[in-house]
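S.K.: Return atomic coordinates for the entry below.
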Amino acid sequence: MTDDAPESLRRSAERVRARVDTLLADLDSTATEIVGILARGGRPPRRADLAQVKPPLLALLDRHRGFAQGVGLAFDEDHLADAPRWMEWWRSDDGQPAHFVTHELDPQHHYFYDYASKEWFYRPQRSRRPAVTGPFVDFAGTNEHTVTMAVPVAHPDGFVDVLGADVAVEGVERLLLESVRSGPADTVLLNDHDRVVASTSARWWSGTLLRRDVDAHWAESAEVGGDVGWRLVQADV
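M.R.: This next block holds a predicted model:
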């Protein structure tokens, strides 16, 4: 965080980071659990083995209800013995029981979801670090503006899957409002591309690049820090 940011803005950034870090840490511990589960068979895993992965995924989703809407495991290419690609993804809406989210994974299909080309997958897989990506429109799942928080799942055999959690922008907006609590009307949460993630004002739409309007002077900013890559900015209006 920037040293010259006001104390109130630094505290707001710290509260945002604490909530995100909690989810990332939980993803990381669940990833370790999944590595152990899939190693028990002593052979390349198959889709039938994923029944053992479902309980920790649903437990993770349950622990973060009200923030995360979906969690899942996206497999490295050819990691499963009986499927070249697979997503074991579960979602719960408005407190309802979790349901499996089907993705079209046939490259020949018109609606093929090439998850390996998505930033939420390749960033943690390549860097072996947690990643927070978005906002983006989740055309393959909810058609909502979504942020995905993900961690690598590195196996002893060299495959690296990705474990992720989807958070709707509305959930990030609630977090921002709770974190800011009081202060100027316009406080904006930006990603590392200066794209608006969430805001306390309807003037700044999620997914758009920050507009330096002549009637808004961006006086202060504070880095969220850690693996998040976000920053808070405040308008002096």
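S.K.: Following the record's annotation, map out the domains of this protein.
M.R.: 14-171, 184-236 (automatic domain parsing).
S.K.: Please state the offset of the shortest one from the chain centre?
M.R.: Mean-position distance between domain 184-236 and its chain equals 18 Å (CA atoms, centre = their mean, to the nearest Å).
S.K.: residues of the worst-scoring helix or strand of the chain on mean pLDDT that come out buried?
M.R.: Lowest by mean pLDDT, DSSP states H and E among the helices and strands of the chain is strand 217-223, with a mean of 78. Applying a neighbour-count criterion of 16 or more other CB atoms under 10 Å, one finds Glu220, Ser221, Ala222, Glu223 buried in strand 217-223. C-beta coordinates here come from the backbone N, C-alpha and C atoms, glycine included.
S.K.: comparing the domains of the chain, which gets the lowest mean pLDDT score?
M.R.: Lowest mean pLDDT within these: domain 184-236, at a mean of 81.
S.K.: Run through the residues that contact Asp49.
M.R.: Contact partners of Asp49, counting by CB atoms under 8 Å, 6 or more residues apart in numbering, are Ile37, Leu38, Gly41.
S.K.: got it, and Arg65?
M.R.: Taking CB under 8 Å, 6+ apart, one finds Ser92, Gly95 in contact with Arg65.
S.K.: residue ranges for the strands of this structure, please.
M.R.: For the chain, applying DSSP state E gives strands covering 70-74, 87-91, 99-100, 131-137, 145-154, 160-168, 187-190, 196-199, 217-223, 231-236.
S.K.: Much appreciated, bye for now.
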